[in-house]
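K.L.:
structure here, sequence nowhere to be found:
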């Protein structure tokens, strides 16, 4: 058996037989445990509840209602079938004009219409995963690096590095200041990379943060823009949670707003990643967007998008949906309202058993603090606790170490991917 495996491996590439995909992580192990025995209220009441998936399932009724009222939006209905041929035939990689216009308008809408986006800079990709990889290919060569503040989404280890050969250099952030990104932390990480002879090509930030569930304030963003201009490196802003900011919270501030105010900023260094997976709850549609202020990056990314286009059928439907201002306004407002209630209900439930969370204001999750439950302040103790949670309590929550958190004892818990009754069982 072992000999046969070795022979097979000799026939494959190093990428095929390597573990660059990053699946050897408790983040993915938790998903496997759920897939093996998922919770069902009747068939498997002792199954694992999925709390490791950042998905918004709280507003599908709004989308389903819109679809029922707008059957022409789908080419697979009697009302929309006349558009079937024009949608099904070859489309170039620029995307349908009405799709790019609708996406640009929606991106402005979820940012409070305080900034406008140019449809001609909208580049399609197969979800944010494809968008991140495309950006990495455009900006960096193998062995180059991006700085990434911790904790950060485990998928970045796959999305930006697996096929590109790019490295990620952690920027250590601490709970003592609620994991804020500081100039000193950025300088320390940049300096360490230089000492190690690693060429830093950019800084990647997530705003709102996954897994923290917090938004970056304007002054922090200004400091980040100043830092990357000073170092002459790129800034990639993952803003896929832009509309998942709760009610009665500070407004989300996009990097696009900040550079409008900063006349000295080199816009060629600024790039935004967006998708509809989180804000609209449509991860299965694989709508990812690269929006760059650099003309050369737009041109290159558009050519690369041939490897991960959004289907013309999806473009047609999304263009119609996002062009409906009344629906979009209602959806954004209701989503914020429902997410806010879900977070409040969940955190109040945790408070009853004296479990705290970072004070968040956005996202589809909470950053739960279980440090007091560790037998000692080590990542080994964190893993022991995580195994109890997933194997005995049957909750798939994700340990902070899988997010490269610099401190043990933190866990990300997703709260919007289940109905109310399942949430009550989880609590």
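P.N.:
Yep, that arrived. Keep in mind that this is a model prediction, so the values were computed, not measured.
K.L.:
any idea which helix or strand comes after the helix ranked longest in the chain?
P.N.:
Counting residues, the longest helix found in the chain (DSSP state H) is helix 325-351. Proceeding N to C from helix 325-351, the next assigned helix or strand is strand 356-357, under DSSP states H and E.
K.L.:
who are the packing partners of that following strand?
P.N.:
helix 325-351, strand 365-369 (3 or more CB pairs under 8 Å, 6 or more residues apart in numbering; DSSP states H and E). For the C-beta atoms, the positions are set from N, CA and C on the backbone; glycine is no exception.
K.L.:
so how far is the shortest one off the chain centroid?
P.N.:
Meaning strand 365-369. 16 Å (CA atoms, centre = their mean, to the nearest Å).
K.L.:
what does the helix or strand that that strand is followed by rub up against?
P.N.:
The helix or strand immediately downstream of strand 365-369 is helix 379-388, counting by DSSP H and E. With contact meaning CB atoms under 8 Å, 6 or more residues apart in numbering, helix 379-388 is reached by 26, 370, 373-375, 397, 399-401, 408-409, 411.
K.L.:
the helix or strand following helix 379-388 pairs with which strands, and in what direction?
P.N.:
For helix 379-388, the succeeding helix or strand toward the C-terminus, using DSSP H and E, is strand 395-396. Its sheet considered, strand 395-396 pairs with strand 49-50 (parallel) by DSSP bridges.
K.L.:
mean confidence score for the strand it pairs with?
P.N.:
Here strand 49-50 scores 90 as its mean pLDDT.
K.L.:
now for residue 316, how many residues are close by?
P.N.:
24 (other CB atoms under 10 Å).
K.L.:
wouldn't it be in contact with residue 83 here?
P.N.:
Yes: with contacts defined as CB atoms under 8 Å, residue 316 counts as touching residue 83 at a distance of 6.7 Å.
K.L.:
mutual contacts of those two, please.
P.N.:
Shared contacts of residue 316 and residue 83, counting by CB under 8 Å, 6+ apart, come down to residue 75.
K.L.:
thinking again about what came up before, mind checking which of the contacts of helix 379-388 are buried?
P.N.:
26, 370, 374, 397, 399-401, 408-409, 411 (16 or more other CB atoms under 10 Å).
K.L.:
among these, which ones are in helices?
P.N.:
Going by DSSP H, the helices hold residue 26 from those.
K.L.:
ok, the buried ones among the contacts of helix 379-388 vs residue 167, which is closest?
P.N.:
Using CB to CB, residue 401 comes nearest to residue 167 of the buried ones among the contacts of helix 379-388, at 19.2 Å.
K.L.:
could you check how far that closest one is from residue 379?
P.N.:
5 Å (CB to CB, to the nearest Å).
K.L.:
so where do the strands sit in the stretch 201-350 of the chain?
P.N.:
For the stretch 201-350 of the chain, strands defined by DSSP state E, counting those that start in this stretch occupy the ranges 234-238, 270-275, 287-292.
K.L.:
looking at these, which is closest to residue 149?
P.N.:
When the strands of the stretch 201-350 of the chain are ranked by proximity to residue 149 (CB to CB), strand 234-238 comes first, at 11.3 Å.
K.L.:
paired strands for the closest one, with orientation please.
P.N.:
When DSSP bridges is applied, strand 234-238 pairs with strand 200-206 (parallel), strand 270-275 (parallel).
K.L.:
of those, which is nearest residue 294?
P.N.:
Across those, closest to residue 294 is strand 270-275 (CB to CB), at 6.9 Å.
K.L.:
alright, calling it a day.
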